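Novice: Okay, sequence plus prediction incoming.
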Amino acid sequence: MATIMYREALGQALAEEMARDPNVFLMGEEVGVYNGAYKVSKGLLDQFGPKRVMDTPITELGFAGLGVGAAMLGLRPVIEFMTFNFSILAMDQVFNSAAKVLYMSGGQFRCPIVFRGPTGAALQLSAQHSQALESTYGHFPGLKICTPGTPADAKGLLKAAIRDNDPVIVMEGELLYSLKGEVPDDEDFIVPLGVADVKREGAHVSIITHGKMIHVALQAAAQLAKGGVDAEVIDLRSLRPLDVEAILRSVHKTNRAVYLEEGWPFVGIGAQIVDIIQDEAFDYLDAPVLRVTQLDIPMPYSKNLEKATKPSAERVVDACRRVLYLKD
Amino acid sequence: MAKTESGASARARARTPNGRESRLDGYDRAQLHVLLREMLVGRRFEEKTAEAYAIGKIGGFCHLYIGQEAVAIGAISALRAEDYVITAYREHVQALAKGITPRAVMAELYGRADGCSHGRGGSMHLYSAEHNFLGGWGIVGGQIPLATGVGWAIKYRGQDRVCICFMGEAAVNQGAFHESLNMAALWKLPVVFIVENNWFGMGTAWDRASALLDIAKKGGSYEMPSAVADGMDVLEMRAVVGDAVNRARADGTPTLIEAKCYRYMGHSMSDPVSGVYRTKEEVESHKTRDPIRAFIEQLREAGLLTEDELQPMDEAVRAEVDDAVAFAEASPEPSPDTLYDHVYVDTNVNGRLFFDARGRGPAAG
């Protein structure tokens, strides 16, 4: 075990998988000479050379499609979007090519590609640089998606994603890159897709969430504990495939749930989770399932406005108290 | 600037090694007959496709290649079997030229299980891994970045293969074209980009869509070699594409080729042949330069084709196409049990992948 940063965990995953399989290569803006916009790929160009760590022009649609074409021939590209906000330019290739080529070809052409980068908000980056796109990517059959929130999960999920034979979207977070945590040394340490993690066991209410919001959920749980409420925190880790059993197990135990996400409310990830809970665990619920999300507005710049827009531990605590019918 | 009816009516000045006059040099009789036969297969196949579509055997969008046969057959004849072709959706004849059988293509158009995409793709999404035919793409220009990826993979593996990327002239204005050609030139990716300029992007003439009409000139934007070819002349296509293929194979240098051609049918089976955006007279005038008839005349004049050779060839081609239709008719529909196959490769995963009734847990009932 070593205590390392989330960005180092990702970098290790890349280095290990590139050493293990010569078909794996990394491509994106500033991944090589600059050592990565967020230093995830630091040292990889020196270690593997420019054929395998390739700096691109600012050409998201082009290099996303280049990755898909190479994957169709059996290479295993890791395409970095500097942030997923920029991936919007590439969506034709992700949705119309990567997600569909296996199906349209009747199984003849695979697309073992990884698209990775940070999603969601950082600090005061404003409307165009703060978007959480999990729902958008989650909508399309043919894609898999994971959202690591800790260094160990980042390393394990990225390795799993690279080894997966389907297109996998690995959604990280700028605010997570400096987060430290314990990470196993074993080069075969994998966090499989489709397996959630109980980040905090509890009995009274299930806070279900993904990505960087697990840390907000844990803050909320700590505050709730002071008031005698024992919250369970479920980190989905993987959105597609989705660990439905973990969600249902938790709701069966606590009978109350709150979904927390940093994206917008309309057709957010939580909307899907709430549907699953009401459909498959209706008789276990003692209250409606509530959701805590970003306010339904573009992200503003000013510090105070941004703070009010993002989901906070206070809003999670409030939602939990409401499903517990606790009056202040 | 004077409006021209179409690019195909202008004499293209292609740079070929031997020059226009002696283009037949270097081919033997058998090779020339193969080229003719392939063009005849393409023509008869598309004619049959139109008939089948008209009686409801083929559905959806169906874009016919009639008139453009020389482009596909000429270009693909310059390739080896291990080279790749990727294209848009006017692709039936390109697929046939790359080696997919008429049976497999027709069965796919019919949506049957024996189609080359097992009924999943249809007219716009023909694929064959066996023949290195990489589809079959419906979004205009979507195949172009994919082609650069194919070129990237070839170079990554140190191979001397080549990828031909076909597109229509209207795709040239998509951002994806620009991004892809820049990377192909910057990184020397062995891709031959062939623009089939049939002058009409659906109903919009090229001079209504583009500030710059000279497509070959666009190569200069990327320091990429370019060429123009008469797309109604199969041997000129073969020569010009052959040069580009050799260049790519030698050191990875890509080329942009404008093949000036003309489609005799509408944009798709839903589009009229004439009357909306082009006149009947214009279409008829282009038929006087039918690439197949022109090639037949060229071979006859050179003493390289007799009536005793042409008749049986055409009859055999018609029989082959009829056989393809019979095969398609007899092929079974794909089973609904296979609906969820090939959405993912790795389905034996933890967790749930599908969120409809089929994917739901025990509560689905």
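Specialist: Here it is on my side, so go on. Numbering: from 1, shown residues only, chains lettered A, B, ... in the order given.

Novice: Now do the strands in the stretch 201-328 of chain A.
Specialist: A:205-209, A:231-235, A:238-240, A:257-260, A:290-292 (DSSP state E, counting those that start in this stretch).

Novice: Quick check: which of those strands is nearest to chain B?
Specialist: Among the strands of the stretch 201-328 of chain A, strand A:238-240 comes nearest to chain B, with 6.2 Å by Cβ to the nearest Cβ. The way it works is simple: take the backbone N, C-alpha and C, and place the C-beta from them, glycine included.

Novice: in the chain, which spans are helices?
Specialist: This is for chain A. Remark: helices assigned in chain A by DSSP state H are A:6-20, A:44-48, A:60-72, A:91, A:101-104, A:134-138, A:151-163, A:213-226, A:244-254, A:269-280, A:303-309, A:313-323.

Novice: nope, chain B please
Specialist: Using DSSP H, the helices of chain B run over residues B:29-54, B:69-76, B:92-98, B:102-109, B:143-156, B:175-187, B:206-209, B:234-251, B:280-287, B:291-301, B:307-330.

Novice: would you list the helices of chain A in JSON lines and tack on mean pLDDT, distance to chain B and mean neighbour count?
Specialist: Supplementary listing: those in JSON lines, determined by pLDDT from 0 to 100; distance: least, Cβ to the nearest Cβ, whole Å; neighbours: other Cβ atoms under 10 Å in any protein chain shown:
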{"stretch": "helix A:6-20", "mean pLDDT": "98", "distance to chain B": "13", "mean neighbour count": "22"}
{"stretch": "helix A:44-48", "mean pLDDT": "98", "distance to chain B": "12", "mean neighbour count": "17"}
{"stretch": "helix A:60-72", "mean pLDDT": "98", "distance to chain B": "2", "mean neighbour count": "29"}
{"stretch": "helix A:91", "mean pLDDT": "98", "distance to chain B": "11", "mean neighbour count": "16"}
{"stretch": "helix A:101-104", "mean pLDDT": "98", "distance to chain B": "4", "mean neighbour count": "25"}
{"stretch": "helix A:134-138", "mean pLDDT": "98", "distance to chain B": "9", "mean neighbour count": "21"}
{"stretch": "helix A:151-163", "mean pLDDT": "98", "distance to chain B": "9", "mean neighbour count": "26"}
{"stretch": "helix A:213-226", "mean pLDDT": "98", "distance to chain B": "18", "mean neighbour count": "20"}
{"stretch": "helix A:244-254", "mean pLDDT": "98", "distance to chain B": "5", "mean neighbour count": "19"}
{"stretch": "helix A:269-280", "mean pLDDT": "97", "distance to chain B": "4", "mean neighbour count": "19"}
{"stretch": "helix A:303-309", "mean pLDDT": "98", "distance to chain B": "29", "mean neighbour count": "13"}
{"stretch": "helix A:313-323", "mean pLDDT": "98", "distance to chain B": "21", "mean neighbour count": "20"}
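
Novice: For the helices of chain B, give me CSV that also has mean pLDDT.
Specialist: Putting the helices of chain B into CSV (pLDDT from 0 to 100) gives the following:
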stretch, mean pLDDT
helix B:29-54, 98
helix B:69-76, 98
helix B:92-98, 98
helix B:102-109, 98
helix B:143-156, 98
helix B:175-187, 98
helix B:206-209, 96
helix B:234-251, 97
helix B:280-287, 91
helix B:291-301, 96
helix B:307-330, 98
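
Novice: Take those helices and lay them out in CSV including mean neighbour count.
Specialist: As requested, the helices of chain B are exported to CSV (neighbours: other Cβ atoms under 10 Å in any protein chain shown):
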stretch, mean neighbour count
helix B:29-54, 19
helix B:69-76, 30
helix B:92-98, 26
helix B:102-109, 26
helix B:143-156, 28
helix B:175-187, 23
helix B:206-209, 15
helix B:234-251, 22
helix B:280-287, 14
helix B:291-301, 17
helix B:307-330, 15
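
Novice: TSV for those helices, including distance to B:Cys116?
Specialist: Conversion of the helices of chain B to TSV gives the following (distance: least, Cβ to Cβ, whole Å):
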stretch	distance to B:Cys116
helix B:29-54	13
helix B:69-76	16
helix B:92-98	7
helix B:102-109	4
helix B:143-156	17
helix B:175-187	25
helix B:206-209	32
helix B:234-251	24
helix B:280-287	30
helix B:291-301	24
helix B:307-330	11
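
Novice: A:Gly211 is nearest to which of those?
Specialist: Ranking the helices of chain B by proximity to A:Gly211 (Cβ to Cβ) places helix B:143-156 first, at 28.6 Å.

Novice: Which neighbouring elements make contact with that closest one?
Specialist: helix A:60-72, strand B:84-87, strand B:133-136, strand B:163-168, helix B:175-187, strand B:191-197 (3 or more Cβ pairs under 8 Å, 6 or more residues apart in numbering or on different chains; DSSP states H and E).

Novice: The third one packs against which elements?
Specialist: So that's strand B:133-136. By 3+ Cβ pairs under 8 Å, 6+ apart, strand B:133-136 packs against helix A:101-104, strand B:84-87, helix B:92-98, helix B:143-156.

Novice: do that again at 10 Å, thanks
Specialist: On a contact count with 3 or more Cβ pairs under 10 Å, 6 or more residues apart in numbering or on different chains; DSSP states H and E, strand B:133-136 meets helix A:60-72, helix A:101-104, strand B:84-87, helix B:92-98, helix B:143-156.

Novice: for the second one, same thing?
Specialist: For strand B:84-87, the contact count by 3+ Cβ pairs under 10 Å, 6+ apart identifies helix A:60-72, helix B:69-76, helix B:92-98, strand B:133-136, helix B:143-156, strand B:163-168, strand B:191-197 as packing neighbours.
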